[in-house]
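Just a sequence and a predicted model for now, questions to come.
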Amino acid sequence: MLRVASGDLPETLRLARPGTMIAFSKRDAVSAGFEAAVQAARDVGFQAVLRLAGGRAAVFHEHSLELAHAVPGDDPRAGIHARFARTADTISTALGSLGVDARVGEVPGEYCPGRYSVNARGRRKLAGLGQRVVAGGSHTGAVIVVDGAERVRAALEPVYESLGLAWDPATVGAVANELPAAGPADAWAALRDALVASYSRRYELVKAELDGATVDLARRLAGEHALTAQAT
């Protein structure tokens, strides 16, 4: 986002397989049970990190897909809802191409609730979206649970209990559980390819690697998101 906003990089879309972590929001960080929630995340094998955007704690693991879309703009705040809607529609279109009954909207009782969540059949949350704006640009991100819904559920139950957040664990879903019987063997790769195809309908995509300057900046900034053993 920072490199795109400064003009050092063009508009950039990144699709990646994340590590195993629970990303806490700034709202979580001021909750009375935050320290206990961070410890609960670690107790179930998840790294605890602090994110820049989003409402409540969200889970990333190796069977989820992380999407990041950085866009330059002189007035990024003006397009917040349009970017949310466009990203959610693009994700639901990609899922639909795989045979998933994907819809945009909040499922009652879902974790990290959001107006632009993407769900299956109006019953199971599959993807959560977040957005950050800075001078000169914006970042719209999403995490899509491809498989391992039970891991998301097991991780969030003690974390949300510590934070005092009410939710319904039954709303956790995964793409693999929604695919038709003759679905792809590798759901993660199939979704990645479907997202590329979905974005290609809106944009001209040019395959690229992250440059060294961007990777170096990411490493320098990583410390701002890490939570120490004793949360503060």
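Cool, got the structure. Remember, it's a predicted structure, so these values are computed and weren't measured experimentally. Residues are numbered from 1 along each chain as shown.

wait, isn't Val172 in contact with Glu157?
No: using CB atoms under 8 Å, Val172 and Glu157 do not qualify as a contacting pair, with a distance of 9.8 Å. For every residue, glycine as well, the C-beta is placed using N, CA and C.

higher neighbour count, those two?
When Val172 is set against Glu157 and neighbours are counted by other CB atoms under 10 Å, the residue ahead is Val172, at 26 against 16.

mind checking how far the more buried one is from Thr87?
Computed as CB to CB, to the nearest Å, the Val172 to Thr87 distance reads 21 Å.

got it, and Gly164?
Using CB to CB, which is the criterion applied here, Gly164 is 30 Å from Thr87.

Can you pull out the low-pLDDT segments for this structure?
By pLDDT under 70, the low-scoring segments of the chain are 53-54, 228-232.

Starting from the lengthiest helix in it, tell me the next helix or strand along the chain.
As assigned by DSSP state H, the longest helix anywhere in the chain is helix 80-97. Once helix 80-97 ends, the next helix or strand along the chain (criterion: DSSP states H and E) is strand 102-104.

tell me what that following strand is packed against?
Helices and strands touching strand 102-104, by 3 or more CB pairs under 8 Å, 6 or more residues apart in numbering; DSSP states H and E, are helix 80-97, strand 118-120.

Can you tell me which of the ones you listed is packed in deepest?
With neighbours defined as mean count of other CB atoms under 10 Å, the helices and strands packed on strand 102-104 peak in mean count at strand 118-120, which reaches a mean of 24.

Other residues contacting it?
Contacts with strand 118-120, where a contact means CB atoms under 8 Å, 6 or more residues apart in numbering, come from 88, 91-92, 95, 100-107, 110, 125-127, 129, 142, 144, 173, 175, 177-178.
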